[in-house]
Each structure stands twice: as structure tokens, then as C-alpha cells.
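Undergrad: sequence below, structure please.
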Amino acid sequence: MNHQAELFVALQRLLPQHALSRLIARAAESKMPWLKNLLIKRAIAAFDINISEAASSDLDDYKNFNDFFTRALKDGARPMDQDPKALVSPADGAVSQAGPITQQRIIQAKGSDYSASRLLGDSEEAKLYQDGAFTTIYLSPKDYHRVHMPIAGTLISTRYIPGDLFSVNDKTAQALPGLFARNERLVCQFDSELGQFALVFVGAMLVAGIETVWGGFETPGRGAVRNADFSGRDLSFDKGEEIGRFKFGSTVILLFQQDKIDWQDSFIPKAAVQMGEKIASYK
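TA: Numbering: from 1, shown residues only. The predicted model follows:
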């Protein structure tokens, strides 16, 4: 770990992560026109957000900053790959890592990994992905912040796991062991023609909450793990259908079972991806 990365992580440890996120959340939910428009303009400038691809470029159409940050895009802005055997990216972002799950270990960064059972919060579920495949996609503040299905599937269960709210950028991922298994997250298990797969929403510094289309907001906190069984509710989603969103930059992790997918050659760490883009083929 270099000194700069070490200092960055140390500062995050000192910050009151949840209190700070709640404070930012209140500002981001403000409907005062002057404040929310100021925040939106500053974000567009600071993060180089492409407002031209948004469904609306009129700031007055957004009720608050969070409404802007989770903005919809124009029809056709994210074309869906038409290959019937394509696994598509669930979100805009950058590839942090992608590869095999070896002995239930998932690569976080060079020389650093963590266990699938710790990420998922269940050792039996983790066994499903033994010798499978995973990817981690980082959503920066400039990215489109809605999450979509990588393949058609039916929701089986969710597990909200309270935790820290460290930043999930590359610098922190390289410096903080087990980052994604330490942060607050929502583990979603789906059934599909590939068998069961997991999609994990990982919270981060300043993320005011994770929202899903079936459950609304997952209120951040440090309480008990919350399990929900959806196996009898027939909550099915098409490939590319929206299933949730983040309130700020964060991470999506996908886990697949053994011998189910082959990653695209171009799908490598630091590669930029867009929702709907083919990232793998499935068998």
C-alpha cells in the first residue's frame, strides 16, 4: 500500500461515515430550487456529466438533486445487445475486476481477495458459486446510476447486510482488504436460464441508500441482517429491465456458477462499459 492510499483510507476511517451520508442525503433531498439547481450544476461541472443524454436537460424538471442523480436516459441512449446469448452489463461504469472464483475467493485488487461467503453473508449460498465467475463494476459519480438485469431472471431472495460506507473507488479497493465484504450491501439472488446468479448492490461513502423496484429504499443502518424471500411472488424481469438505483457512485458485483459464461476479450480491468453492452456469452 502506498502512503497516499494509506492516508486516504485512514481519513475515511476517521470520518463518521453514516452520519455524513445522512447529512448529505438531507441536502440531496432538498426541494429548494436554488439549492438543488446549484448542486446539480456543480455536479455536472465537477464530474463532467453528459446531460445531453438524459431524458430531460431542464434542471427544473428534477425535484431534488437525487432525482437528477438517478435520472432516466433518452430512449435509445443505451441500446441492448441483440445477441440472444449475450450477458449484458447491468450498469454504466468501469470494470474493477473480472475472472474466476477460486476456492470461493474473489479478487479485489492485485494481491488482495475476499471470500464469497463473506460478501453474500451466507456460506451455503457461496458454495453455489464455487469455481464460478464474477465481475465487479464501479459506478463513478458521472455515470448513469440505474441498475438493470444482465439476463432475464426471477428474483428468489434478498439479503440486506449493514456495514461500513468506505469509498469504492480504485484507490480504496487497492488499499483496504475485504472492502466489498465490509461495506453495506444488498445481495439479490435470481434464477435464470443460466441457473442461479447473484447481483450485489454495494453501498459507499455518501450513498444515501440503495433502491429496488420491488422493495423501495433499503434504509442504511447498523442493525441486523434483513432477509426477504421472494420465491413465491413471481417477480420476473427481462434482460435490460431496470431493477434498482444508487444515490451516488457505488459498485455492482455479479456472481455466476461454474462453466456458465465466457467473458468478452475486451472485458478487462479499467475498461469502460455501458448498460446493455455485451460483456460475456453464455452457454
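
Undergrad: and the helices in the protein, which stretches?
TA: Listed in chain order, the helices of the chain (DSSP state H) span 3-14, 17-28, 33-47, 65-69, 116-120, 123-127, 170-175, 179-182.

Undergrad: what's the neighbour count on I106?
TA: When neighbours are defined as other CB atoms under 10 Å, I106 has 26 of them. Backbone N, C-alpha and C define where each C-beta goes, glycine included.

Undergrad: show me where the stretch 101-250 of the chain has its strands.
TA: Assigned by DSSP state E, counting those that start in this stretch, the strands in the stretch 101-250 of the chain fall at 105-109, 112-115, 133-139, 146-148, 153-161, 185-192, 195-202, 210-212, 216-218, 226-229, 236-237, 242-246, 250-256.

Undergrad: of all those strands, which one is nearest D81?
TA: strand 146-148 (12.2 Å; CB to CB).

Undergrad: residues touching the closest one, excluding its own?
TA: Strand 146-148 has contacts (CB atoms under 8 Å, 6 or more residues apart in numbering) with 70, 72, 88, 90-91, 199, 201, 240-246, 252, 275-276.

Undergrad: partners of that strand in the sheet?
TA: Using DSSP bridges, the strands paired with strand 146-148 are strand 242-246 (antiparallel).

Undergrad: in the partner strand, which residues are buried?
TA: I243, G244, R245, F246 (16 or more other CB atoms under 10 Å).

Undergrad: closest to the centroid, which residue in this structure?
TA: For the chain, V252 is the residue whose C-alpha lies nearest the centre (CA atoms, centre = their mean; 2.7 Å).

Undergrad: you'd agree that one is up against A91?
TA: Yes - shown here, V252 and A91 form a contact pair, counting by CB atoms under 8 Å, at 5.2 Å.

Undergrad: which neighbours do these two share?
TA: Common neighbours of V252 and A91 (CB under 8 Å, 6+ apart) are I137, L139, V147.

Undergrad: burial measure for the closest residue to the second one other than its chain neighbours, as a count.
TA: The shortest distance from L139 to any residue that is not its chain neighbour, by CB to CB, 6 or more residues apart in numbering, is 4.3 Å, and that residue is G93. Look at G93: counted by other CB under 10 Å, it has 25 neighbours.

Undergrad: partners of G93 in the sheet?
TA: Beta-bridge partners of G93, as defined by DSSP bridges: V273.

Undergrad: quick one: it and K142 touch, right?
TA: No - with contact defined as CB under 8 Å, G93 does not count as touching K142 (9.9 Å).

Undergrad: looking at the strands of the stretch 101-250 of the chain, which has the lowest confidence?
TA: Set side by side, the strands of the stretch 101-250 of the chain give their lowest mean pLDDT on strand 216-218, at a mean of 86.

Undergrad: I'd like to know which elements that strand is packed against.
TA: The contact analysis (3 or more CB pairs under 8 Å, 6 or more residues apart in numbering; DSSP states H and E) places strand 216-218 against strand 210-212.

Undergrad: pretty sure L87 is in contact with G276, am I right?
TA: No - contact criterion CB under 8 Å: L87 and G276 do not qualify, at 11.1 Å.
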